[in-house]
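Enquirer: Make a model of this:
(chains A and B)
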Amino acid sequence: MPTAEAVREWQREANTVEKWPQQEEDQELKAEIERARTILELAHDWDGEGSASYSRGTLDRAVAFLTTHSAKGHDLCSSYPPAPRIGPGPDGSIDLHWKQRSWELLVNIPADDTQMAVFYGDDYGTLKIKGSFDPKTVNLGIVAWLMH
Amino acid sequence: MADALAFPIEQIPDSSAVFMRAHETYYRDGDLTPGVFTAKEGGMSVDWDKYCSKEETKQRAKKNPEKNAVLSLSVGGIRKIDDLDVKHRPEPDNRAHSEVDLPANREKLTEVRLLLKRLAQTVIPFTGS
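Expert: The predicted structure is shown next:
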């Protein structure tokens, strides 16, 4: 039977545990996502070349892909992958572009949510990664590339 | 009648370069992003440097030329990327007009866009870059 003192001690420990930091957010990615919302302000023909506008749905799918893959990278390697630049792609699609010193990767999230996302990356040499995938699923090949 | 006024179609040599505009939205912290490489009405419009200056390409922007940079890409470099080609397709008001036929396959297009970005050189930065 624990004494009252012992219970208070346990409560203090429990409170201490609750104050431990939760898994910190990927702040770099969060800032990039915030910045990317300006894409939604681009009206049709924003560049005078007939470029399409960008839908919230497309951006939301791009963000979901990024947060999922960032979290998976953290799960596997205890660190977050670098954040990409989120930018306008062709025909209302959204580009996710990573440019690192030793590799580069471009993922394209289509405006049409029935289409697959596509990607291409390389190490500026012979090592390449490319293909297509359902952006609603986690692609471990891309996670591995982002963390390498 | 229109044919009589049309410019002849020529073969563009590998040693040439072509110019294209890049809207300021396609730059991040001074770096070009690959979204700029996109086909409009069939091909990606460019101007052959034999008949056009970089400044003329900039001024052909239908909206706000000052918000556009101008890129230069070597024709030989473009042709080294997979099956890409640069074809002279002059228009009545633009003898320099040419097109790069980009792949319709999105997977292939993504690769090509990244490689074109590496090839491109900004020869006129937009104001503010």
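Enquirer: tell me the secondary structure for the residue of chain A found nearest chain B?
Expert: Nearest residue of chain A to chain B, counting by C-beta to the nearest C-beta: residue A:48, 3.1 Å away. (Each C-beta comes from the backbone N, C-alpha and C, glycine too.) Under DSSP: H, G, I helix; E, B strand; the rest coil, the three-state class of residue A:48 is coil.
Enquirer: Tell me which residue of chain B lies closest to chain A.
Expert: Going by C-beta to the nearest C-beta, chain A is nearest to residue B:63 of chain B, at 3.1 Å.
Enquirer: how about the residues of chain B that lie near chain A?
Expert: B:21, B:23, B:25-26, B:28, B:31, B:33-35, B:38-41, B:61-64, B:68, B:106-107, B:109-111, B:113-114 (C-beta under 8 Å from any C-beta of the partner chain).
Enquirer: Okay, and which of those map to helices?
Expert: Among the residues of chain B next to chain A, DSSP state H puts B:106, B:107, B:109, B:110, B:111, B:113, B:114 in helices.
Enquirer: Which pLDDT does the model give the second one?
Expert: Per-residue confidence (pLDDT) for residue B:107: 95.
Enquirer: what's the spacing between the closest residue to it other than its chain neighbours and residue A:55?
Expert: Excluding its sequence neighbours, the residue lying closest to residue B:107 (C-beta to C-beta, 6 or more residues apart in numbering or on different chains) is residue A:118, at 4.5 Å. Look at residue A:118 and residue A:55: by C-beta to C-beta, to the nearest Å, they are 18 Å apart.
Enquirer: do the same with residue A:108
Expert: Taken as C-beta to C-beta, the span from residue A:108 to residue A:55 is 15 Å.
Enquirer: now residue B:123, what's its secondary structure?
Expert: Under three-state DSSP, residue B:123 falls in the strand class.
Enquirer: The nearest residue to it once chain neighbours are set aside: neighbour count?
Expert: Nearest non-adjacent residue to residue B:123, counting by C-beta to C-beta, 6+ apart: residue B:72, 4.5 Å away. Residue B:72 has 18 neighbours, counted by other C-beta atoms under 10 Å in any protein chain shown.
Enquirer: For residue B:72, give me phi and psi.
Expert: Backbone torsions for residue B:72, taken as degrees, to the nearest 10, come to phi -120, psi 130.
Enquirer: now do residue A:106
Expert: Backbone geometry at residue A:106, expressed as degrees, to the nearest 10, gives phi -120, psi 120.
Enquirer: which stretches of chain B have low pLDDT?
Expert: Across chain B, the ranges flagged by pLDDT under 70 are B:1-5, B:128-129.
Enquirer: what are the ranges of the strands in it?
Expert: Ranges of strands in chain B, per DSSP state E, are B:17-23, B:27-28, B:31-32, B:44-48, B:68-74, B:86-88, B:97-100, B:121-124.
Enquirer: the longest helix in chain A is where?
Expert: The residue-count maximum for a helix in chain A (DSSP H) belongs to helix A:56-77.
Enquirer: so what secondary structure elements neighbour the helix or strand just after it?
Expert: The helix or strand immediately downstream of helix A:56-77 is strand A:85-88, counting by DSSP states H and E. Secondary-structure packing of strand A:85-88 (3 or more C-beta pairs under 8 Å, 6 or more residues apart in numbering or on different chains; DSSP states H and E): helix A:27-36, helix A:56-77, strand A:94-99.
Enquirer: quick revisit: pull out the buried members of the residues of chain B next to chain A.
Expert: Buried members of those, scored by 16 or more other C-beta atoms under 10 Å in any protein chain shown, are B:21, B:23, B:25-26, B:33-35, B:38-39, B:61, B:68, B:106-107, B:109-111, B:113-114.
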